[in-house]
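Enquirer: Only the shape, not the letters, is given here:
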Ligand code: SAH
Ligand code: SF4
Ligand code: F3S
């Protein structure tokens with residue numbers, strides 16, 4: 001039996017693709033191994049969104065080639081594979097297989113050809129094949145499952161490579177999504193994440209599966225349809241601000257199993273920069289959406305992504321980002337320094353904010369966020385949160401950790417028989433990124 005080591009970088013869509021690849025390979029007679037040194041095949045599922053992510057691949061392949069006893073077959077999957085195609089054979093010595101994001105369903109066929117001595121690059125001319133599945137054993141967690149609902153991206157934000165690496169938006173049929181959620185529910189999954197680059201741009205070709213579910217957008221109707229499956233928790237991300245309709249908040253208020261967490265990446269606090277980024281929302285309209293979320297009768301956690309040092313970003317633009325942070329009081333924020341990506345529209349713009357200035361703005365914003373986050377996290381002190389006990393924490397045998405419905409990491413002490421259960425935890429301490437508490 002050939003052993004496959006599969007390593008995954010990037011977003012949840014890549015994690016989900018890897019789960020599918022692993023499930024398919026096992027059904028075709030391969031074994032998945034945790035040890036790269038023992039592997040006959042090493043597959044690297046890549047991300048291309050920032051420069052560093054791509055460099056990781058180059059050093060990783062080099063490391064693999066010089067580490068193990070034997071030389072495994074090396075395959076590159078995912079976004080770098082889709083963008084670079086067979087040029088990777090020349091760029092990186094030791095690559096045998098290149099499988100793009102649209103071709104991941106065919107990795108087992110491709111491996112057969114590689115074992116016959118061929119070099120294979122498959123970028124999937126055809127539509128992505130949806131009839132593949134995730135087996136229980138290959139999910140990243142026994143209790144949490146990812147369900148892709150929309151793949152690709154049509155937004156073409158000027159800095160972003162994703163529309164090129166993932167292609168155009170394709171929404172999965174609602175009845176198929178509901179079927180998957182029911183299957184996961186019956187397998188004992190407690191929490192599902194509806195995933196996509198922009199989940200709220202969801203637009204399926206047919207009504208099938210949405211009939212009988214009201215709502216002002218196809219996505220809010222889908223939320224209600226998925227809620228009706230009765231699965232315990234439903235989270236979704238990422239939401240695209242322009243397409244974020246108040247009706248999503250209405251749906252969360254109506255249905256307890258729609259979790260109280262919204263990830264709404266703003267990218268900049270300046271209208272000028274948002275325009276240059278082609279984000280299609282203004283700060284004013286963004287704030288109105290945040291107001292609806294913040295004024296909800298449920299305590300909805302709000303998180304975001306932000307880029308500092310985009311071409312042309314002045315001190316004034318940056319100050320507006322800081323002001324926006326003060327206004328929104330994000331529960332957490334992923335802050336990135338702008339990095340030009342070859343092939344994107346902004347690659348042609350002058351990368352005119354110096355490296356030092358980007359780092360300084362990054363550090364300054366991080367400090368602001370740390371302060372705001374500490375204030376907002378303290379609201380949980382003494383409160384009881386519902387937490388899915390997901391894993392043993394590395395520190396102690398008794399300590400478990402999991403996520404609250406608002407997607408906060410919560411650490412607590414209790415026996416491992418609680419793993420996979422939803423427990424009430426009274427918060428006793430709030431640290432910068434996570435909460436600590438005891439089961440009540
Ligand atoms: N679809 C999501 C996020 C996709 S990529 C959205 O629309 O928000 C994840 C994050 O990486 C982005 O939100 C952005 O903040 C960051 N990112 C993307 N391209 C980048 C670039 N060229 N430089 C720096 N950060 C980038
Ligand atoms: Fe990239 Fe913009 Fe699409 Fe998000 S919406 S994936 S940032 S192009
Ligand atoms: Fe990265 Fe591709 Fe996801 S570029 S963020 S792995 S869609």
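Expert: Received, thanks. Predicted model only: the values in this text are computed from it and were never measured. Ligands and ions are numbered 1, 2, ... in the order given.

Enquirer: and residue 312, how many neighbours?
Expert: 16 (other Cβ atoms under 10 Å). Using the backbone N, CA and C atoms, a C-beta is placed for each residue, glycine as well.

Enquirer: What strand or helix carries the nearest residue to it once chain neighbours are set aside?
Expert: In this structure, residue 312 finds its nearest non-sequential neighbour in residue 276, 5.9 Å apart by Cβ to Cβ, 6 or more residues apart in numbering. Per DSSP states H and E: residue 276 is located in helix 271-277.

Enquirer: My understanding was that residue 45 contacts residue 5; is that so?
Expert: No. Look at residue 45 against residue 5 with Cβ atoms under 8 Å: they stay out of range, at 11.5 Å.

Enquirer: Settle it for me: which of the two has more neighbours?
Expert: Remark: of residue 45 and residue 5, residue 45 carries more neighbours, 27 against 20, as counted by other Cβ under 10 Å.

Enquirer: Can you tell me the SS state at that one?
Expert: What DSSP: H, G, I helix; E, B strand; the rest coil gives for residue 45 is strand.

Enquirer: so where's the stretch 251-400 of the chain shaky on pLDDT?
Expert: The stretch 251-400 of the chain contains residues with pLDDT under 70 at 395-398.

Enquirer: What residue in it comes nearest to ligand 3?
Expert: With Cβ to the nearest ligand atom as the measure, residue 341 is the residue of the stretch 251-400 of the chain nearest to ligand 3, at 9.2 Å.

Enquirer: what's the nearest residue to that residue if we skip its chain neighbours?
Expert: What sits nearest to residue 341 in space, not counting adjacent residues and going by Cβ to Cβ, 6+ apart, is residue 161, at 4.6 Å.

Enquirer: can you give me the helices for the stretch 301-440 of the chain?
Expert: Remark: helices assigned in the stretch 301-440 of the chain by DSSP state H, counting those that start in this stretch are 315-328, 355-377.

Enquirer: Quick check: which of the ones you listed is nearest to ligand 1?
Expert: In terms of Cβ to the nearest ligand atom, the element of the helices of the stretch 301-440 of the chain nearest to ligand 1 is helix 355-377, at 9.8 Å.

Enquirer: Show me what the closest one is packed against.
Expert: Other helices and strands packing on helix 355-377, by 3 or more Cβ pairs under 8 Å, 6 or more residues apart in numbering; DSSP states H and E, are strand 301-308, helix 315-328, strand 332-337.

Enquirer: picking that back up, so how far is the helix holding residue 276 off the chain centroid?
Expert: Put simply, helix 271-277 sits 24 Å off its chain's centre (Cα atoms, centre = their mean, to the nearest Å).

Enquirer: And ligand 2, is it touching that?
Expert: No. Counting by Cβ under 6 Å from any ligand atom, ligand 2 has no neighbours in helix 271-277; the shortest distance is 8.1 Å.

Enquirer: ok, now how distant is the residue nearest to residue 312 from ligand 2?
Expert: Note on residue 276: its distance to ligand 2, by Cβ to the nearest ligand atom, to the nearest Å, is 13 Å.

Enquirer: so that residue touches residue 310, yeah?
Expert: Yes. Between residue 276 and residue 310 there is a contact under Cβ under 8 Å: 6.8 Å.
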